[in-house]
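Asks: test case, fold it:
(chains A and B)
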Protein chains: 2
Amino acid sequence: MDPVTPPVTTRFGSRPMTLSLTSRNARSSAIRDLLAHARRDGVISLAGGLPAPELFPSDKLAECAPAILCDPANLQYGLTEGEVPLREWIAERHSIADHRGTRPDDVQIVSGSQQALDLIAAVVIDPGDTVVVSEPEYLGAIGAFRRAGADLVAIPVDSAGFDVEALAQRLRAGLRPKICYVIPEFHNPTGASTTIKRLRLLAELADTYGFLIVEDSPYSALRFEGDPVPSMCTMTDNVVQCRTISKTLAPGLRVAWMIGPQWILDAVRIAKQSADLHTSTVTQHLALALLSDITWYEAHLLRIAAHYRDRRDALATALHELMPNVPFHRPSGGMFLWLTFPADANTDLMLARALDAGVAFVPGSAFAVDNDMSACLRLSYATASPDQLREGVARLASVVDLP
Amino acid sequence: MDPVTPPVTTRFGSRPMTLSLTSRNARSSAIRDLLAHARRDGVISLAGGLPAPELFPSDKLAECAPAILCDPANLQYGLTEGEVPLREWIAERHSIADHRGTRPDDVQIVSGSQQALDLIAAVVIDPGDTVVVSEPEYLGAIGAFRRAGADLVAIPVDSAGFDVEALAQRLRAGLRPKICYVIPEFHNPTGASTTIKRLRLLAELADTYGFLIVEDSPYSALRFEGDPVPSMCTMTDNVVQCRTISKTLAPGLRVAWMIGPQWILDAVRIAKQSADLHTSTVTQHLALALLSDITWYEAHLLRIAAHYRDRRDALATALHELMPNVPFHRPSGGMFLWLTFPADANTDLMLARALDAGVAFVPGSAFAVDNDMSACLRLSYATASPDQLREGVARLASVVDLP
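Replies: As a prediction, the model looks like this:
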């Protein structure tokens, strides 16, 4: 494990001052700086997880906004837990989807699900506590848990998702985590979904060993084929569900929510009061206006899933044709595809060459926890058009050392 | 000092789990629960610091919103530091106001100034570090610094504001804080402003003893008389300025900013990435649309200052007439007025009687750090009309033990 707060010393006034930073955060920032080049003209970015802007419901938002902004109540300070009608809508929807009663008080609105992770970590984790994540893992989750001082334990991901059997073995050997973080469907960065059998085992393990499952499902609505996976809240009470509109409506609204045991929500509310008082009432009401027009919303979800499916197909086809010897698992939803090169490949070095050739990706090392991930890389098919995806793969194939 | 993280034990799974909470946060929450009664019909609330909703720029927002929402770039993920044109506007405005060059890169957008305090605390404070605050003090600042594990040292406030001479004495005696938090103008809860002489001394102390001044100025635009106070950034480099649109435009947008030394901004950006990625791009652009119409904005600031001045006058007049023996300092701006009863008074108990009589206030204990503040209470003149303010004081006078 890394030390949690290696001192970053800076001159301040007449004496040195120590900042509470983590070295891994500094590394993620370095990759971020490198990827700033992806915004150069002519570079096809398969790097960022940016939703396709042409799918944003701009017209509908523009239509709803004036009435929302003309009600002064929507511009005032709001409740820390979130606006009541939005929590009512969410509670009703979850009651149906999860086959169990969910009350508005079971819902906490947050400023993006990144904030849910950060607040959960802040209230559950004391420095030195263990959090189980997968490896490779979503950068933002690593950052939030590390910021709270957690020691991360990494469990592998394979084509059947999070390797719960490997976790069971570690638990039997004495591992005692406080949290296990999991993206059951269309994992970022691998695109893999965890089988229901494994999820049921994970729920049993949470009950047996007494840890909290943080179930993060930003991509679940972007399913291209196969049956939806039930929330783990149908399998155990030791779950916090994190949901967001960032991938389905618009990330710029910063509206997401969490549902979980009362003791977590109570603690999170107190922490959120200090963190930012409450999420914007304006953006909550804009989100509600879209969500509550159910006919429009359901049609919109179908439309965006079809859109991303076409992109997934374009990317997968190009990879099969142009880089036939690089293995990957074809994701059945979400935004990401994970490429695995031979063990001696270095995708950090590959990135510089790829940028020169006009294509960007995120190297595997950005998602590493304990192990070397530099033989892998993540491609996003969310933003580029089918033609750009094909051209991006052609550029990539020209610079990588193909097996 | 309180212990920072007294264990709050809760049953979880098969073993007890400890939550990282502070006891003071729990207390602030208790007062919050009590004040929920202030929302009952017929209760005149002089409690919350809610801006007058009739001053919200609803029409102008409704007019600007459709064009903003129709640009997909405004709905996308944004930069952690904040939207470039908003930071450009802020930098230009500060360059003029503070008589020194401020670049857009010197500005960090945050989701309300509460978040600025929380992030500054998170990156500067290690558990056990000392933060100097005034007493009584703004609840949210106390919460943010305690959440980071700070030991708070309280310095009194008098009619000349923050008692910097008292702080100087403590520093000479060996006190070594990392942060000194100050609201120079129209302090919450006392309404007092700190004299320039004291502010200059505070700047000298920061340079001599090497601590960071966190200058919070949410109410500065609400000045009713007298000359504006220059930012402390004109007196020392060891300052972070926190500014917000919550009191001047609309708190529901959750847009604020901080300006400070590069090493603080660099660290805050990394922390904010974990905390919530970035502030809503939508509300940032809504705020910019209002701010950048300078003619409208300047007229709006004059209009709201005149509005709150009338309220301050109504409240002060009613207090002089109906509670002539209760001393208070007449604030020359802001939203709050602080009443001091004889030392044996208990405003916690008074609150229950006041609510029965149909008026709400915040008891002094809510703003306490180390000392007993229960002989005092805070009145807000921000939300009630002049008639309601007078009636509220009449109700208060009927239940308090007048000296």
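Asks: stretch A:334-349: end-to-end distance?
Replies: For stretch A:334-349, the first-to-last residue distance is 27 Å (CA to CA, to the nearest Å).
Asks: now swap in stretch A:188-201 and tell me
Replies: End-to-end distance for stretch A:188-201, by CA to CA: 21 Å.
Asks: do it and chain B meet?
Replies: No: Stretch A:188-201 stays clear of chain B (CB under 8 Å from any CB of the partner chain), getting no nearer than 13.7 Å. From N, CA and C alone the C-beta is placed, and that goes for glycine too.
Asks: smallest gap between the stretch 201-350 of chain A and chain B, at which residue?
Replies: At 2.7 Å from chain B, A:Gly210 is the closest residue in the stretch 201-350 of chain A, using CB to the nearest CB.
Asks: could you do the stretch 301-403 of chain A as well?
Replies: For the stretch 301-403 of chain A, CB to the nearest CB, closest residue to chain B: A:Thr383, 9.6 Å.
Asks: please list all residues in contact with the closest residue to that residue other than its chain neighbours.
Replies: Sequence neighbours aside, A:Leu50 is the residue nearest to A:Thr383 in space, at 4.8 Å (criterion: CB to CB, 6 or more residues apart in numbering or on different chains). Counting by CB atoms under 8 Å, 6 or more residues apart in numbering or on different chains, A:Leu50 makes contact with A:251, A:380, A:382-383, B:76-77.
Asks: report the separation between A:Leu50 and A:Ala394.
Replies: From A:Leu50 over to A:Ala394 the distance is 22 Å, taken as CB to CB, to the nearest Å.
Asks: try A:Val107
Replies: 46 Å.
Asks: also A:Gln115?
Replies: A:Gln115 is 39 Å from A:Ala394, by CB to CB.
Asks: looking only at neighbour counts, state which of those two leads.
Replies: Taking neighbours as other CB atoms under 10 Å in any protein chain shown, A:Gln115 and A:Ala394 compare with A:Gln115 leading, 28 against 16.
Asks: I'd say that one and A:Ala275 touch.
Replies: Yes: with contact defined as CB atoms under 8 Å, A:Gln115 counts as touching A:Ala275 (7.4 Å).
Asks: neighbours around A:Leu277, how many?
Replies: Look at A:Leu277: counted by other CB under 10 Å, it has 22 neighbours.
Asks: which helix or strand contains the nearest residue to it once chain neighbours are set aside?
Replies: Leaving aside its chain neighbours, A:Leu277 sits nearest to B:Gln114 (4.9 Å; criterion: CB to CB, 6+ apart). Assigned by DSSP states H and E, B:Gln114 belongs to helix B:113-124.
Asks: quick check: buried residues in that helix?
Replies: B:113-124 (16 or more other CB atoms under 10 Å in any protein chain shown).
Asks: so it versus helix A:113-124, what angle?
Replies: Helix B:113-124 and helix A:113-124 are oriented at 60 degrees to each other (axes from the mean of the first three to the mean of the last three CA atoms, to 10 degrees).
Asks: how about the residues of the stretch 151-300 of chain A near chain B?
Replies: Selection of the stretch 151-300 of chain A residues close to chain B by CB under 8 Å from any CB yields A:178, A:206-212, A:238, A:246, A:250-254, A:261, A:263, A:267, A:270-271, A:273-283, A:286.
Asks: mind listing the strands for the stretch 201-350 of chain A?
Replies: A:212-216, A:239-244, A:256-259, A:336-340 (DSSP state E, counting those that start in this stretch).
Asks: what would those look like in CSV with mean pLDDT?
Replies: Listed next are the strands of the stretch 201-350 of chain A as CSV, based on pLDDT from 0 to 100:
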stretch, mean pLDDT
strand A:212-216, 98
strand A:239-244, 98
strand A:256-259, 98
strand A:336-340, 97
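Asks: can you redo those strands as JSON lines with mean neighbour count?
Replies: Shown next, in JSON lines, are the strands of the stretch 201-350 of chain A (neighbours: other CB atoms under 10 Å in any protein chain shown):
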{"stretch": "strand A:212-216", "mean neighbour count": "26"}
{"stretch": "strand A:239-244", "mean neighbour count": "24"}
{"stretch": "strand A:256-259", "mean neighbour count": "26"}
{"stretch": "strand A:336-340", "mean neighbour count": "22"}
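Asks: so what sits against both of A:Gln115 and A:Ala275?
Replies: When contacts are counted by CB under 8 Å, 6+ apart, A:Gln115 and A:Ala275 have B:Ala275 as shared neighbours.
Asks: please identify the helix or strand for the residue nearest to A:Leu288 when sequence neighbours are not counted.
Replies: Distances taken as CB to CB, 6+ apart place A:Leu86 nearest to A:Leu288, at 4.6 Å, with adjacent residues excluded. Secondary structure from DSSP H and E places A:Leu86 in helix A:84-97.
Asks: got a list of contacts for that helix?
Replies: Contacts for helix A:84-97 (CB under 8 Å, 6+ apart): A:81, A:101-107, A:109, A:231, A:241, A:243, A:255, A:257, A:259, A:284-285, A:287-288, A:291-292.
Asks: just checking, what packs against whatever helix or strand comes next after it?
Replies: Following helix A:84-97 in sequence order, the next helix or strand is strand A:107-110 (DSSP H and E). Counting contacts by 3 or more CB pairs under 8 Å, 6 or more residues apart in numbering or on different chains; DSSP states H and E, strand A:107-110 packs against helix A:84-97, helix A:113-124, strand A:256-259, helix A:262-276.
Asks: where does pLDDT dip in the stretch 251-400 of chain A?
Replies: Along the stretch 251-400 of chain A, no part satisfies pLDDT under 70.
Asks: measure how far stretch A:216-228 is from the centre of its chain, please.
Replies: Distance of stretch A:216-228 from its chain centroid, counting by CA atoms, centre = their mean, to the nearest Å, is 13 Å.
Asks: in that stretch, which residues are buried?
Replies: For stretch A:216-228, the neighbour count (16+ other CB under 10 Å) marks A:216-224 as buried.
Asks: hey, C-alpha coordinates of that stretch in CSV?
Replies: The C-alpha coordinates for stretch A:216-228 follow below in CSV (Å, rounded to 0.1, in the frame of the first residue of the first chain):
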residue,chain,number,x,y,z
ASP,A,216,-22.0,2.3,-8.7
SER,A,217,-24.2,2.1,-11.8
PRO,A,218,-23.6,5.1,-14.0
TYR,A,219,-23.9,3.1,-17.3
SER,A,220,-26.8,0.7,-16.5
ALA,A,221,-29.2,2.6,-18.8
LEU,A,222,-26.8,2.1,-21.7
ARG,A,223,-27.5,-1.6,-22.2
PHE,A,224,-27.2,-2.8,-25.8
GLU,A,225,-28.2,-6.5,-25.3
GLY,A,226,-29.0,-9.0,-22.6
ASP,A,227,-31.1,-8.7,-19.5
PRO,A,228,-30.7,-5.9,-16.9
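Asks: I figured A:Ala160 hits A:Thr194, correct?
Replies: Yes: counting by CB under 8 Å, A:Ala160 does reach A:Thr194; the two are 6.9 Å apart.
Asks: more neighbours: which of these two?
Replies: More crowded of A:Ala160 and A:Thr194, by other CB under 10 Å: A:Thr194, with 24 against 15.
Asks: please name the nearest non-neighbouring residue to that one.
Replies: A:Thr194 sits nearest to A:Gly161 (CB to CB, 6+ apart), 2.8 Å away.
Asks: same check on A:Gly82?
Replies: Closest to A:Gly82 by CB to CB, 6+ apart is A:Ile109, at 2.6 Å.
Asks: equivalent analysis for A:Gln284, please.
Replies: That would be A:Glu83: by CB to CB, 6+ apart, it lies 4.5 Å from A:Gln284.
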